[in-house]
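A.B. asks: got a predicted structure here, sequence first:
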2 protein chains.
Amino acid sequence: MNEQTIKGTKRVKGVAPNVDADALLNDKRKVFLFGSPSYTNIGDQAIAYAEEKFIRNHFPYYEYIEIMDYATDAGIEIVKKIIHENDIVCFTGGGNLGSLYLDIEEDRRKVFAAFKDYKTISLPQSVHFEDTEKGILEKRKSQDAYHQNPNLTLVARESQTLERLKNTFDSKVIYTPDMVLSLDIVPREIEREGVLFILRADKEKVTDEDFISELMRWAGETTTVERTDTVLSEVETIDYEDREKYFMKMLDRIRSKKLIITDRLHAMIFSIITKTPCLVFGNSYGKAKHSYTDWLEELNFIEYTDKQDIDELEQMIERLLKAEPNDIDLSDDFEPLKEFFKG
Amino acid sequence: MNEQTIKGTKRVKGVAPNVDADALLNDKRKVFLFGSPSYTNIGDQAIAYAEEKFIRNHFPYYEYIEIMDYATDAGIEIVKKIIHENDIVCFTGGGNLGSLYLDIEEDRRKVFAAFKDYKTISLPQSVHFEDTEKGILEKRKSQDAYHQNPNLTLVARESQTLERLKNTFDSKVIYTPDMVLSLDIVPREIEREGVLFILRADKEKVTDEDFISELMRWAGETTTVERTDTVLSEVETIDYEDREKYFMKMLDRIRSKKLIITDRLHAMIFSIITKTPCLVFGNSYGKAKHSYTDWLEELNFIEYTDKQDIDELEQMIERLLKAEPNDIDLSDDFEPLKEFFKG
């Protein structure tokens, strides 16, 4: 950050933390990422990490500028002053489009409406509006906001969301995997030991706690067992500059285990990156399940189940532990996103 | 750069221009790149650019630290003070291993000998020691220096070099394409117009100047014709911070043409990245030719020829201009390099 003001506006923490101040005013085509997460969900942190890599690797001639979630209002004001006709406005991907995370949904509405004259995109998301009075009301609010923007493209990261987006919004819809699956990290060599349960403690959780206890007891008979979540509780926020560090720490933790048991989509994806056998349960509205069946079923060391029968799971786990981890190449599946940013 | 000294040594321009000073002393595993080019050959600049992307994309948990060519001696002193057992020392890739570019070869010898106790690699190169008294003497000097280092791996970027390295050195040898072919840049949309000749003006040049004039005259009958080189003359040096800018400028220039005619390996590679039809002639020792036949022959919009017959070339060019540019995926061919850095 070299300058204290941009076009008469004071620089604000969380606006463009990833570039020097002069990047805001150079003549490159700009890509603005709104909603860049400061909360401690490492899945969403990894998504933002992957979004930056995607743009910087495939479009190095663009200037990529992030606006942290807590700076959305200030960011909108500043970006309005510097944006040019051909620039692109993005809102970060994740699994929060809908009525479950209204603070984020409200920011998304603001951004799409504020930049209605610009090429705009909601990066790969899972969508869920609850089928309640509140859910229906929130859906209408999102429709009203999104439909102000005729230049908006929505990206679904699994087929269930693809259908929901098409049925809910008039915007253009495209279809790619979760952004984290676009990374190509070579996992670090770490000795593997024990089983790690990575489990939700939020409103999307459906796995029965008694069943989890039973499963943990069973696993504990033969190996070490730990339990954690991909949402960190040891820190309150993760800002741009610490993102990679916490993401790498989580990858290392997963890479050090013989088996992951999870109901978190990104614990599954981190297991894929680190070639760690992984058994996956569902969340409340199927985002892990559909990502698995749409893109990942060919992976022999990852298995999805809705069953809560310990004998069947035992057999599944034995199969997973024996598998020689295979590869899938999803790079072609990101072509629609490359086409979007190219145009 | 936050600090003025590192372990009592003053910071030196050209040592670690790509990181903050604290990166030199953190507890991450380090990858040091020596020989990072400051000269204006955009092929070699693109190689260094690709090397950085390769490490940062596949091994984001490493600290990647460059030492510019002009700071080799100071860089060796500083790196010796901060290097740890498990760190990796690289010398940049290119087409300069041998007796043709002795200033670079001497730096390479120094680096390999200085870090003989560390995992060391010469990134993908083409090799040419001249078959003269001088060439044989220089080969012996390189052997003496390289063989001091039992931890050295050499990477050949085409089959001719693979054989030469195996016959010349006792070091471990691996085989991958040129680093620039590991990039995945989506070419910018630019209107195409005219033919660009990109031709050497150096000691590797073999294409006959009369023939070039004839070819340029012929092309000029139907379209605009320009001539340039991938070695820039408008600037004297390109430092780390300007690398991307000049590389992108060259890509844009190539992307804006209907046809490239060149004897430069990297003009061919930039044509591949930008999907620009390209006719390639050889240099003095076949580095473009062998890269083409080893890795790139399947590309329908790139053709290599040793012929200097204008009628035959006319037909070739017509074929090239008609081709719907196809893709090849070389990412698997970089596996040996991933394995090296992983271990």
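C.D. replies: Yep, that arrived.

A.B. asks: residue A:264: what's it in contact with?
C.D. replies: A:43, A:198-200, A:229-230, A:283, A:288 (Cβ atoms under 8 Å, 6 or more residues apart in numbering or on different chains). The C-beta positions use only the backbone N, C-alpha and C, and glycine is treated the same way.

A.B. asks: pLDDT score assigned to it?
C.D. replies: At residue A:264, the predicted lDDT confidence score is 92.

A.B. asks: likewise residue A:8?
C.D. replies: pLDDT, residue A:8: 67.

A.B. asks: next: the one 3 residues further on.
C.D. replies: At residue A:11, the pLDDT value in this model is 81.

A.B. asks: circling back: closest to chain B among the contacts of residue A:264?
C.D. replies: Closest approach between these and chain B, by Cβ to the nearest Cβ: residue A:43, at 16.9 Å.

A.B. asks: checking the closest one next. Helix, strand or coil?
C.D. replies: Following DSSP: H, G, I helix; E, B strand; the rest coil, residue A:43 is assigned to helix.

A.B. asks: quick revisit: sort the contacts of residue A:264 by pLDDT and name the bottom one.
C.D. replies: Where pLDDT dips furthest among the contacts of residue A:264: residue A:283, at 73.

A.B. asks: Provide the backbone phi and psi angles at that residue.
C.D. replies: Residue A:283 adopts backbone torsions of phi -110, psi -170, taken as degrees, to the nearest 10.

A.B. asks: up against chain B, what does chain A have?
C.D. replies: Contacts of chain A with chain B, taken as Cβ under 8 Å from any Cβ of the partner chain, map to A:53, A:57-61, A:183-186, A:188-189, A:244, A:248, A:251-252, A:331, A:338, A:341-343.

A.B. asks: try 7 Å
C.D. replies: A:53, A:57-61, A:184-186, A:188-189, A:244, A:248, A:338, A:342 (Cβ under 7 Å from any Cβ of the partner chain).

A.B. asks: for residue A:235, phi and psi?
C.D. replies: Dihedral angles (degrees, to the nearest 10) for residue A:235: phi -130, psi 160.

A.B. asks: OK, contacts around it?
C.D. replies: Contact analysis of residue A:235 by Cβ atoms under 7 Å, 6 or more residues apart in numbering or on different chains lists residue A:40.

A.B. asks: now it: how far from residue B:48?
C.D. replies: Computed as Cβ to Cβ, to the nearest Å, the residue A:235 to residue B:48 distance reads 36 Å.

A.B. asks: three-state assignment of residue A:123?
C.D. replies: strand.

A.B. asks: ok, the nearest residue to it once chain neighbours are set aside - how many residues close by?
C.D. replies: Excluding the flanking residues, the one nearest residue A:123 by Cβ to Cβ, 6 or more residues apart in numbering or on different chains is residue A:93, at 3.6 Å. The burial count assigned to residue A:93 is 26, neighbours taken as other Cβ atoms under 10 Å in any protein chain shown.

A.B. asks: thinking again about what came up before, would you turn the contacts of residue A:264 into CSV with neighbour count, secondary structure and distance to residue B:100?
C.D. replies: Listed next are the contacts of residue A:264 as CSV, based on neighbours: other Cβ atoms under 10 Å in any protein chain shown; DSSP: H, G, I helix; E, B strand; the rest coil; distance: Cβ to Cβ, whole Å:
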residue, neighbour count, secondary structure, distance to residue B:100
A:43, 22, helix, 51
A:198, 27, strand, 55
A:199, 20, coil, 61
A:200, 19, coil, 61
A:229, 20, coil, 58
A:230, 24, coil, 53
A:283, 22, coil, 61
A:288, 26, helix, 56
